[in-house]
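Q: Show me how the following folds:
(2 chains)
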Amino acid sequence: EVQLVESGGGLVQPGGSLRLSCAASGFTFSNYWMTWIRQAPGKGLEWLTQIKEDGSQKYYVDSVKGRFTISRDNAKSSLFLQLNSLTVEDTAVYYCVKDDGYYTFSHWGQGTLVTVSS
Amino acid sequence: QSALTQPASVSGSPGQSITISCTGTSSDIGTYKYVSWYQQHPGKAPKLIIYEVSNRPSGISNRFSGSKSGSTASLTISGLQAEDEADYYCSSYISGGVFGGGTKLTVL
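A: Numbers count the residues shown, from 1 in each chain, chains lettered A, B, ... in the order given. All right, here's what the predicted structure looks like:
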């Protein structure tokens, strides 16, 4: 059974940083693109970033370019998201998602809540 | 990045069928067969229910079906049940993932 378990969310002040982690199991992690998607309170889904199987390619939505960094450790079946220069608009639940190709998001973690507030 | 347009809400009575549309452009839905649909219950993570326009993942009820015509994809839920009440999102293959705004389904 595929499992994705996020951690690292919490309350942070504007301008602060946070590092999210996602522990994957139940599939061969190194064979899949992985994605982070977020959902602000009461809002829809927003694709943020994706990383290739070997970490050699990364893509970001414009709103987080230069502030967020995706990375992975295939040896530990783990995905990461470094969040810097956070603003209140970054308040959201952040989901770790397995991509089965062509942006087919087959499995989602339970999400981790990031709250940016002073 | 383009956006996909969904109705904000739809409703139906138990046992009825409803259809949720997802309108894109010739550059996304109109070109690619990679349209997906996700179901999200309150407080829960989204769940893939349709991929590649009309395919259902293992374990998804055959009451859920998908189709596409031109630049518009559709999700049909037949034999509505109370448990189908949820938010539904579409997405399409395009450089830089994009989702529809979501549709809230109310089962009357």
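Q: make it CA atoms for all contacts and neighbour counts henceforth
A: Will do.
Q: what's the closest non-adjacent residue to residue B:88?
A: Leaving aside its sequence neighbours, residue B:88 sits nearest to residue B:39 (Cα to Cα, 6 or more residues apart in numbering or on different chains; 4.7 Å).
Q: give me the beta-bridge partners of that neighbour?
A: residue B:47, residue B:88 (DSSP bridges).
Q: just checking, it touches residue B:47?
A: Yes - Residue B:39 lies in contact with residue B:47 (Cα atoms under 8 Å); the separation is 5.2 Å.
Q: Between the two, which is the more surrounded one?
A: Using other Cα atoms under 10 Å in any protein chain shown, the more surrounded residue of residue B:39 and residue B:47 is residue B:39, with 22 against 19.
Q: which residues in chain A form strands?
A: Using DSSP state E, the strands of chain A run over A:3-7, A:10-12, A:18-25, A:33-39, A:45-51, A:58-60, A:68-73, A:78-83, A:92-99, A:105-108, A:112-116.
Q: Is the fourth one in proximity to chain B?
A: No - with Cα under 8 Å from any Cα of the partner chain as the criterion, chain B is not reached by strand A:33-39; the gap is at least 9.4 Å.
Q: other SSEs contacting that strand?
A: Counting contacts by 3 or more Cα pairs under 8 Å, 6 or more residues apart in numbering or on different chains; DSSP states H and E, strand A:33-39 packs against strand A:45-51, strand A:92-99.
Q: Where does pLDDT dip in the chain?
A: I'll assume chain A. Scanning chain A for pLDDT under 70 picks out no residues.
Q: You answered for a different chain; I wanted chain B.
A: B:1-2, B:95.
Q: returning to that earlier point: is it possible to export the strands of chain A to CSV including mean neighbour count?
A: What follows is the strands of chain A, written out as CSV (neighbours: other Cα atoms under 10 Å in any protein chain shown):
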stretch, mean neighbour count
strand A:3-7, 20
strand A:10-12, 15
strand A:18-25, 19
strand A:33-39, 23
strand A:45-51, 22
strand A:58-60, 18
strand A:68-73, 19
strand A:78-83, 20
strand A:92-99, 25
strand A:105-108, 22
strand A:112-116, 21
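Q: Using TSV, please lay out those together with distance to residue B:98.
A: Output for these, formatted as TSV (distance: least, Cα to Cα, whole Å):
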stretch	distance to residue B:98
strand A:3-7	22
strand A:10-12	26
strand A:18-25	22
strand A:33-39	10
strand A:45-51	6
strand A:58-60	12
strand A:68-73	18
strand A:78-83	19
strand A:92-99	14
strand A:105-108	12
strand A:112-116	21
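Q: Okay, and the beta partners of the spatially most central residue of chain A?
A: Nearest to the geometric centre of chain A sits residue A:36, at 3.0 Å (Cα atoms, centre = their mean). Counting by DSSP bridges, residue A:36 is bridged to residue A:49, residue A:96.
Q: Quick check: it touching residue A:96?
A: Yes - shown here, residue A:36 and residue A:96 form a contact pair, counting by Cα under 8 Å, at 4.9 Å.
Q: re earlier: which stretch among the strands of chain A comes nearest residue B:94?
A: Closest of the strands of chain A to residue B:94 is strand A:45-51, at 11.5 Å (criterion: Cα to Cα).
Q: helices or strands next to that closest one in the packing?
A: Contacts defined by 3+ Cα pairs under 8 Å, 6+ apart place strand A:45-51 against strand A:33-39, strand A:58-60, strand A:68-73, strand B:98-99.
Q: Which residues does it contact?
A: Contact partners of strand A:45-51, identified using Cα atoms under 8 Å, 6 or more residues apart in numbering or on different chains, comprise A:33-39, A:57-61, A:64, A:70-72, B:96-99, B:101.
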